[in-house]
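# here's a sequence, model it:
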Amino acid sequence: MKYVSGPYTQGQIARNIIEAETALTTRWLNGGAITDAAEQKDWQKRIEDLSFGRNTVMFGTSAEAAGYPAVMVRFPAISLERFGFGWPNQVHPAFIVNGQILPEVWLAKFKSAYVGSVGVDGGVVSLRGLDPGNTKNFDDNLSYHANMGAGFHMQTMAEHALKALLCKKQGFWPRGNNNWGSDVSVPSEFGSPTHKYDDTRMGRTATGSGPLAWNHDGTPFGLADVNGNVREWCGGMRLVDGEIQILENNDAADNTADQTGTGNWKAILQDGSLVAPGTADTLKYNATNPDGSGTIEIATAVTNQSDGTTYATNSFETTAAAAGVTVPEILKQYALAPIDADHGGDRHYMRNLGERLPFVGGSCVFGSSAGVFYLYLYRERTFSSWDIGARLAFCNL
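Model (predicted):
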């Protein structure tokens, strides 16, 4: 049979999925929550068919957020060995929750847009063409995302690391809105403005409104806006006076997990084992200058601590181990330490006083510092800003 050019071309495939996602956004904006089971199935079938099963639509299931739609991207379980960095044949931590190995995790295709108020009708949607949600602190983000129902949660550090490591494995560094509405390296790439920063500069852009080069894999089915636009809070990781702490594996994907106090937080030793916070010789981020500035080193003691105003920074790929310190593979698997000298030039920021929680990805103000390995450990959980949001995730627990 002779091949006929048309709906099989990459351009047509992209147009089809974009049109369907745009129609879903229009339906949401005009009609609100989608609670009818038949209509939900129809939207799911459309998106799944057009994406060859890589995307779907999920709907909030809680009383607060019933029917709130979220376009999601499927990530099947992958062995660490397949990343090609000499890691063992065992599943990446993102696929282990409360000791259970999962066949897949789902990350929202678009950054979250907040709906309603926590305790009343609070939740999020993940839809094309919206102003990305912003100006919510860490704990409010945990609540908004958990309020979507069982299995839903704010993206965790383990899940963020999964997408960043996949970008590195593929050798593809996604671009994005990292320069006031456009990409700093390709200024002809821009998104649709949703926010004006000042009289001369645009800020946020509509979710998914950039070119395919702004998706994590460069395809119509990948995660949009992983470089820039608004920074994303991540759960399951923090610094406490410089000590690196995580919730084991992807336990932070359980939306009932305690992410305050001491709880189930674990510190990390040089051999990669997890221990109680405060154990001797756990791994920490230390600054190279006495006042807590300079560059970041991975150490077993904090000798140069910020006073709360200074911070240390360098490109992620140049975050180095202090003399005599071994960096375990677990830090690299969580995108907390570089694997080699190629991580796209993305920036690492750190303030090692008190509790600091992570933003990833960068925003429209960070230029070439933004990207999938951008890591900002600088602010407390109470902080919020016009360029900080989050991303929804789902695990079938």
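
# drop to CA atoms for contacts and neighbour counts, all remaining ones
Noted.

# need phi/psi at F83.
Torsion angles at F83 (phi, psi; degrees, to the nearest 10) stand at phi -70, psi -20.

# contact partners for the nearest residue to A33 once chain neighbours are set aside?
The shortest distance from A33 to any non-neighbouring residue, by CA to CA, 6 or more residues apart in numbering, is to G67 (4.6 Å). By CA atoms under 8 Å, 6 or more residues apart in numbering, the residues touching G67 are 33-35, 59-61.

# same check on A322?
Counting by CA under 8 Å, 6+ apart, A322 touches 297-299.

# quick check, pLDDT for it.
Looking at A322, its pLDDT stands at 98.

# got phi/psi on it?
Here is the backbone geometry of A322 (degrees, to the nearest 10): phi -70, psi 160.

# one more: the one 4 residues further on?
Taking degrees, to the nearest 10, you get phi -100, psi 130 for the backbone angles of T326.

# what's near enough to touch it?
270-271.

# could you check the pLDDT of it?
For T326, the predicted pLDDT is 98.

# per-residue pLDDT, the residue nearest to A33?
At G67, the model reports a pLDDT of 98.

# now do the SS call for it.
coil (DSSP: H, G, I helix; E, B strand; the rest coil).

# measure it to Q155 for me?
The gap separating G67 from Q155 is 20 Å, by CA to CA, to the nearest Å.

# sorry, back to before: which of the contacts of G67 are buried, as a PyMOL select command?
The buried subset of the contacts of G67, as determined by 16 or more other CA atoms under 10 Å, is captured in PyMOL by this line:
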select buried, resi 33+34+35+59+60+61
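
# distance to F75 added to the contacts of G67, as TSV?
TSV is the format used below for these (distance: CA to CA, whole Å):
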residue	distance to F75
A33	26
I34	25
T35	26
F59	18
G60	20
T61	21
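
# from the contacts of G67, which is closest to N137?
Closest approach between those and N137, by CA to CA: G60, at 21.4 Å.

# Y376 and L165, how far apart?
On the measure of CA to CA, Y376 and L165 end up 17 Å apart.

# what about the residue nearest to A33, distance to S143?
Going from G67 to S143 by CA to CA gives 17 Å.

# and what of M237?
Applying CA to CA, the value for M237 to S143 is 17 Å.

# in terms of neighbours, single out the busier of those two.
M237 (23 against 19; other CA atoms under 10 Å).

# settle this for me: V105 is touching P76, isn't it.
Yes. Counting by CA atoms under 8 Å, P76 is a contact partner of V105 at 6.6 Å.

# these two: who's more crowded?
V105 (20 against 13).

# that one falls within a strand, correct?
Yes. Using three-state DSSP, the assignment for V105 is a strand.

# mind listing what it touches?
Contacts of V105 by CA under 8 Å, 6+ apart are 74-77, 94-95, 393-396.

# swap in W180?
The neighbourhood of W180, defined by CA under 8 Å, 6+ apart, consists of 201-204, 364-365.

# any chance of the residues you listed in a markdown table, plus pLDDT, secondary structure and neighbour count?
Shown next, in a markdown table, are those (pLDDT from 0 to 100; DSSP: H, G, I helix; E, B strand; the rest coil; neighbours: other CA atoms under 10 Å):
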| residue | pLDDT | secondary structure | neighbour count |
| --- | --- | --- | --- |
| R201 | 95 | coil | 11 |
| M202 | 95 | strand | 19 |
| G203 | 97 | coil | 23 |
| R204 | 98 | coil | 29 |
| C364 | 97 | coil | 26 |
| V365 | 97 | coil | 22 |
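
# quick one: which of those is nearest P132?
Closest approach to P132 among these (CA to CA): R204, at 7.2 Å.

# let me know the pLDDT of the nearest residue to M237 once chain neighbours are set aside.
Of all residues not flanking M237 in the chain, I246 sits nearest, at 4.4 Å (CA to CA, 6+ apart). At I246, the pLDDT value in this model is 98.

# quick one: contacts for I246?
Contacts of I246 (CA under 8 Å, 6+ apart): 236-238, 265-267.

# 6 Å instead?
Shown in contact with I246 (CA atoms under 6 Å, 6 or more residues apart in numbering): 236-237, 265-266.

# among these, who's most crowded?
Using other CA under 10 Å as the neighbour test, those are led by G236, with 26 neighbours.

# what residues are up against that residue?
When contacts are counted by CA under 6 Å, 6+ apart, G236 touches 156-157, 246-247, 252.

# for those, could you give me JSON lines that also reports distance to E329 and secondary structure?
Shown next, in JSON lines, are these (distance: CA to CA, whole Å; DSSP: H, G, I helix; E, B strand; the rest coil):
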{"residue": "T156", "distance to E329": "18", "secondary structure": "strand"}
{"residue": "M157", "distance to E329": "15", "secondary structure": "helix"}
{"residue": "I246", "distance to E329": "14", "secondary structure": "strand"}
{"residue": "L247", "distance to E329": "16", "secondary structure": "coil"}
{"residue": "A252", "distance to E329": "20", "secondary structure": "helix"}
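
# format those as CSV; extra columns: distance to A280.
Output for the contacts of G236, formatted as CSV (distance: CA to CA, whole Å):
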residue, distance to A280
T156, 27
M157, 24
I246, 17
L247, 19
A252, 25
